[in-house]
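S.K.: mind looking at a prediction? Sequence and model below.
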Amino acid sequence: MPAQKAARVQERRRAANRTMKSGSRTAVKKARRLIQSGSEQAAAAVDKAVSMLDRAVSKGVVHRNNAARRKSRLIRSLRASGDQK
């Protein structure tokens, strides 16, 4: 019986983690697309992506070094595009 309960709990956690991971990946992709297009909303999109990645780290969904690397690359590409932050 305990194994069945653990399996149910794990399934709920997996679904929540998947949502968090997917959302942060989507935010990063959107920010990248806006940076490449030279849009003025790129800085706001990068801020949102960084926030989503930080939230995923705090919940233990993404490793902190992984998130730090993604944030660094995003911000570097934003600066390279001419939009100083």
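M.R.: Sure, I can see it. Numbers count the residues shown, from 1 in each chain.
S.K.: residue 25 and residue 9: what is the separation?
M.R.: As defined by CB to CB, to the nearest Å, residue 25 lies at a distance of 25 Å from residue 9. Bear in mind the C-beta positions are built from the backbone N, C-alpha and C, glycine included.
S.K.: if you count surrounding residues, which of those two has more?
M.R.: When residue 25 and residue 9 are compared on other CB atoms under 10 Å, the one with more neighbours turns out to be residue 25, at 16 against 10.
S.K.: which stretch of helix or strand covers the more buried one?
M.R.: Residue 25 is part of helix 2-37, with elements assigned from DSSP states H and E.
S.K.: let me see the mean pLDDT of that helix.
M.R.: The average of the pLDDT scores along helix 2-37 is 96.
S.K.: shift numbering so it begins at 197
M.R.: Let's use 197 as the start, then, which means that last one is helix 198-233.
S.K.: the helix or strand following that helix to helix 198-233, inter-axis angle?
M.R.: Using DSSP H and E, the helix or strand that follows helix 198-233 in sequence is helix 238-254. Using axes from the mean of the first three to the mean of the last three CA atoms, to 10 degrees, the direction of helix 238-254 lies 160 degrees away from that of helix 198-233.
S.K.: if we look at helix 238-254, which residues are touching it?
M.R.: Around helix 238-254, the neighbours that count as contacts under CB atoms under 8 Å, 6 or more residues apart in numbering are 216-217, 219-220, 223-224, 226-227, 230-231, 235, 258-260, 263, 266-267, 270-271, 274, 277, 279, 281.
S.K.: mind checking which of those residues are buried?
M.R.: Among the contacts of helix 238-254, those buried by neighbour count (16 or more other CB atoms under 10 Å) are 216, 220, 223-224, 226-227, 230-231, 258, 263, 266-267, 270-271, 274, 277, 279.
S.K.: quick one, what contacts the most centrally placed residue in the chain?
M.R.: By CA atoms, centre = their mean, the mean C-alpha position of the chain lies nearest to residue 220, the distance being 2.7 Å. Applying CB under 8 Å, 6+ apart to residue 220 gives the contacts 245, 248-249, 251-252, 257-258.
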